[in-house]
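Trainee: A structural model of the following input is requested.
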Amino acid sequence: MNYRLVLRYIGYIVLLEGLFMIPAMLISLFSHEKAAWMAFLGTILFSEIVGFLLTRLRCHDTMQAREGFATVALGWIMMSLVGALPFFFSGAIPNFLDCWFETVSGFTTTGSSILPTVENLPYGILYWRSFIIWLGGMGVLVFLLAVVPLTRGSGSPLQLMKAESPGPSVGKLTPTIRRTSRRLYEIYIALTVLEIILLLAGGMPLFEAVTHSFSTAGTGGFSVKNLSIGAYDSPYLQAVVGVFMMLFGVNFSVYYLILTRQFRAAWKNEEVRLYIAIMAGATLLIAINILPSYTDGARAFLDSFFQVSSIMTTTGFSTVNFDLWPEFSRLLLVILMLVGACAGSTGGGIKVSRLIILFKHLKNEMGAMLRPHSVRTVRMDGKKTDDGIVRGTTAFLVAYLAIAIFSMILVALDNYSQETTATAVLTCLNNIGPGLDLVGPMGNFSSFSGLSKFVLSLDMLFGRLEIFPLLFLFTPAAWERPRKSKRMENSVIDA
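Mentor: Residues are numbered from 1 along each chain as shown. All right, here's what the predicted structure looks like:
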């Protein structure tokens, strides 16, 4: 392990995080929120000093797979710890474990909260709470790769992007990783700005339009209103947010194909077509199921679409208390929690592409039982899927189930209902936000024990980092020093 290189990258992360706190500090300053702006100022100074010292470390620039995994996992942990300091120093959240839970929830775009009310929080804190979702949506290291020439070392950018970006496989849209990262962020920023403009057109105040657009873009779901988007009695605003949640759940490489006028290739994307089909089918089924409790059919359809879009993209906004819906609709929403959005999007969950690979692999294995000597391959979008990706997808599912079961056992020590325990773990592991029962859209996570909050925070990190980078830290191989006589393995687990 090249410890100095890992620490240097963490230094860049902390350095950048401090700079990103400046707008939040200025908002608090101009809003006369003394405790908040002083908390941000102290954290910024701490971040810049620590970050500067770490970036001065001298080391070899060559990054292997293990350094990539370690940098991403430790970087996100450090980023969450530093990001929690303004909540703690300002007194907005007195308990540091709660601060860390809230910050991890933001950066991982989960949206689960320990706060029973948010409308009395300082404006600077509310801005920071939403901005960290936007920053975590596309990835902090992806942003670094886009704007900072970190190193010329062999393999460094690709190792970092593969370790942080969601999906069973990660590739380059352009000849260089840096240019790819820039294109992704250009699309990300453009969609965010467009949503802000449309929300302003619907009468939403500027501050609320910006913060809700940040949460929508990162598919995180933190709102500045206690009733979330349901606080706005406007079908237009709810429709805009619903549509943009769906758009941010699409693989961003499809948008790149559209921008480069590769319309046929964009349409042939199997994952996006299945993603839209699942969302449309679930919306229709739930709308029919809840229709008897509505007097307005259009309203039932809008509420159904909004919640399906929110849960499947793992955003977590709500317009109604869907925990009161019929059991059929609630079960469909839990299934959508597991499915998640597309790979290469800001959404969480298992991902639609993984499910396609798993079912195609299952079909091939069943066919091989009848014809053992036949050669069968998994194909996506007409192209052969590498066997390593198929194996990685299977390994991901095994690890996902193991972590979910173990987490449920630990959270069950709080002695809440099975519905609360199971959906609390699933909503954190899939980076969704609300679950059912005590953690439903009208509930929160404040009543959980310290152990459960710690476990659920780790689940959020496991979910956002696609399990393997964080799981890697718990293996002895992560901390072994390679022998000088042997070359370090330069492979990445595509999962």
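
Trainee: just the strands in the stretch 301-450 of the chain please.
Mentor: With DSSP state E, counting those that start in this stretch as the criterion, the stretch 301-450 of the chain has strands at 379-380, 383-384.

Trainee: contacts for the last one?
Mentor: Here strand 383-384 makes contact (C-beta atoms under 8 Å, 6 or more residues apart in numbering) with 377-378. Yep, even glycine has a C-beta here, placed from its N, CA and C like the rest.

Trainee: try stretch 292-299
Mentor: So stretch 292-299 is in contact with 235, 291, 300, 303, going by C-beta under 8 Å, 6+ apart.

Trainee: let's see if you can find the most crowded of those.
Mentor: When the contacts of stretch 292-299 are compared by neighbour count (other C-beta atoms under 10 Å), D303 ends up highest, at 25 neighbours.

Trainee: could I get the contacting residues of that residue?
Mentor: 290, 294, 319-320.

Trainee: filter the residues you listed down to the buried ones.
Mentor: Neighbour counting with 16 or more other C-beta atoms under 10 Å marks 290, 319-320 as buried within the contacts of D303.

Trainee: quick check, nearest of the contacts of stretch 292-299 to S345?
Mentor: D303 (23.3 Å; C-beta to C-beta).

Trainee: low-scoring stretches of this protein, by residue?
Mentor: Along the chain, segments meeting pLDDT under 70 span 61-62, 145-177, 478, 480-495.

Trainee: which residues does the residue of the chain positioned farthest from its centre contact?
Mentor: Most distant from the centre of the chain: H373, at 41.9 Å, with distances by C-alpha atoms, centre = their mean. Applying C-beta under 8 Å, 6+ apart to H373 gives no contacts.

Trainee: most tightly surrounded among the strands of the stretch 301-450 of the chain?
Mentor: strand 379-380 (a mean of 15; mean count of other C-beta atoms under 10 Å).

Trainee: OK, contacts around L115?
Mentor: Applying C-beta under 8 Å, 6+ apart, the residues contacting L115 are 93, 102, 121, 444, 446.

Trainee: and the two most separated of the contacts of stretch 292-299?
Mentor: P235 and L291 (16.8 Å).

Trainee: quick one on the thing from earlier: any of the contacts of L115 buried? List them.
Mentor: Looks like the contacts of L115 have 93, 102, 121, 444 buried, using 16+ other C-beta under 10 Å.

Trainee: would JSON lines of the contacts of D303 with distance to I44 be doable?
Mentor: As requested, the contacts of D303 are arranged in JSON lines below (distance: C-beta to C-beta, whole Å):
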{"residue": "I290", "distance to I44": "47"}
{"residue": "Y294", "distance to I44": "49"}
{"residue": "T319", "distance to I44": "36"}
{"residue": "V320", "distance to I44": "40"}
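
Trainee: hey, where'd the helices end up in the stretch 251-400 of the chain?
Mentor: 252-259, 263-267, 270-290, 297-312, 327-339, 352-370, 387-411 (DSSP state H, counting those that start in this stretch).

Trainee: okay, buried residues for the second one please.
Mentor: Meaning helix 263-267. Within helix 263-267, the residues that qualify as buried are A266, counting by 16+ other C-beta under 10 Å.

Trainee: can you check the fifth one too?
Mentor: Residues of helix 327-339 classed as buried by neighbour count (16+ other C-beta under 10 Å): 329-330, 332-334, 336-339.

Trainee: got a list of contacts for that helix?
Mentor: Contacts for helix 327-339 (C-beta under 8 Å, 6+ apart): 278, 282, 285-286, 289-290, 304, 307-308, 311-312, 314, 322-323, 325, 349-350, 352, 355, 423, 426-427, 430, 432, 435-436.

Trainee: which of the contacts of L115 sits closest to A65?
Mentor: When those are compared against A65 (criterion: C-beta to C-beta), the nearest one is E102, at 31.8 Å.

Trainee: next one: that closest one from T314, what distance?
Mentor: Plainly put, E102 is 17 Å away from T314 if you go by C-beta to C-beta, to the nearest Å.

Trainee: make JSON lines out of the contacts of L115 and add distance to A35.
Mentor: Listed next are the contacts of L115 as JSON lines, based on distance: C-beta to C-beta, whole Å:
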{"residue": "I93", "distance to A35": "12"}
{"residue": "E102", "distance to A35": "17"}
{"residue": "L121", "distance to A35": "11"}
{"residue": "N444", "distance to A35": "23"}
{"residue": "S446", "distance to A35": "21"}
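
Trainee: what's the closest of these to R391?
Mentor: Nearest to R391 among these, with distances taken as C-beta to C-beta, is E102, at 36.5 Å.

Trainee: residue contacts, that closest one?
Mentor: 84, 87, 93, 113-115, 129 are the contacts of E102 under C-beta under 8 Å, 6+ apart.

Trainee: would you turn those into TSV with secondary structure?
Mentor: Output for the contacts of E102, formatted as TSV (DSSP: H, G, I helix; E, B strand; the rest coil):
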residue	secondary structure
A84	helix
F87	helix
I93	coil
S113	coil
I114	coil
L115	coil
R129	helix
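
Trainee: closest to M245 among the contacts of stretch 292-299?
Mentor: Looking across those and measuring by C-beta to C-beta, the closest to M245 is D303, at 13.8 Å.

Trainee: measure the closest one to G18 for me?
Mentor: In terms of C-beta to C-beta, D303 sits 41 Å off from G18.

Trainee: how about JSON lines for the contacts of stretch 292-299, with distance to S47 added?
Mentor: Listed next are those as JSON lines, based on distance: C-beta to C-beta, whole Å:
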{"residue": "P235", "distance to S47": "42"}
{"residue": "L291", "distance to S47": "52"}
{"residue": "A300", "distance to S47": "48"}
{"residue": "D303", "distance to S47": "42"}
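
Trainee: before we move on, which element is T117 in?
Mentor: Secondary structure assignment for T117, by DSSP states H and E: no helix or strand.

Trainee: residue contacts, it?
Mentor: Contacts of T117 by C-beta under 8 Å, 6+ apart are N226.

Trainee: now do the phi/psi pair for it.
Mentor: Per-residue torsions, T117: phi -150, psi 140 (degrees, to the nearest 10).

Trainee: begin at 444 from now on, thanks
Mentor: All right, first residue 444 from here; so that's T560.

Trainee: okay, and the beta partners of M823?
Mentor: Per DSSP bridges, the residues bridged to M823 are K826.

Trainee: isn't it up against I799?
Mentor: Yes - using C-beta atoms under 8 Å, M823 is in contact with I799, at 6.7 Å.

Trainee: out of the contacts of helix 770-782, which end up buried?
Mentor: 721, 725, 729, 732-733, 747, 750-751, 754-755, 757, 765-766, 768, 792-793, 795, 798, 866, 869-870, 873, 875, 878-879.

Trainee: on that earlier part again, which among the contacts of stretch 735-742 gets closest to I453?
Mentor: The shortest gap between I453 and any of the contacts of stretch 735-742 belongs to D746, at 43.4 Å (C-beta to C-beta).

Trainee: quick one: that closest one and L680, what's the gap?
Mentor: To L680, D746 is 14 Å away according to C-beta to C-beta.

Trainee: keeping just the C-alphas, turn stretch 757-768 into PDB.
Mentor: Provided in PDB are the C-alpha atoms of stretch 757-768 (Å, rounded to 0.1, in the frame of the first residue of the first chain):
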ATOM      1  CA  THR A 757     -33.500   6.500  -4.400                       C
ATOM      2  CA  THR A 758     -34.200  10.300  -3.900                       C
ATOM      3  CA  GLY A 759     -36.600  10.100  -1.000                       C
ATOM      4  CA  PHE A 760     -38.700  13.100  -1.500                       C
ATOM      5  CA  SER A 761     -42.400  12.700  -0.600                       C
ATOM      6  CA  THR A 762     -45.700  14.400  -1.300                       C
ATOM      7  CA  VAL A 763     -47.900  12.100   0.700                       C
ATOM      8  CA  ASN A 764     -47.500   9.600   3.500                       C
ATOM      9  CA  PHE A 765     -47.200   6.500   1.400                       C
ATOM     10  CA  ASP A 766     -46.900   4.400   4.500                       C
ATOM     11  CA  LEU A 767     -50.700   4.700   4.700                       C
ATOM     12  CA  TRP A 768     -51.200   3.300   1.200                       C
END
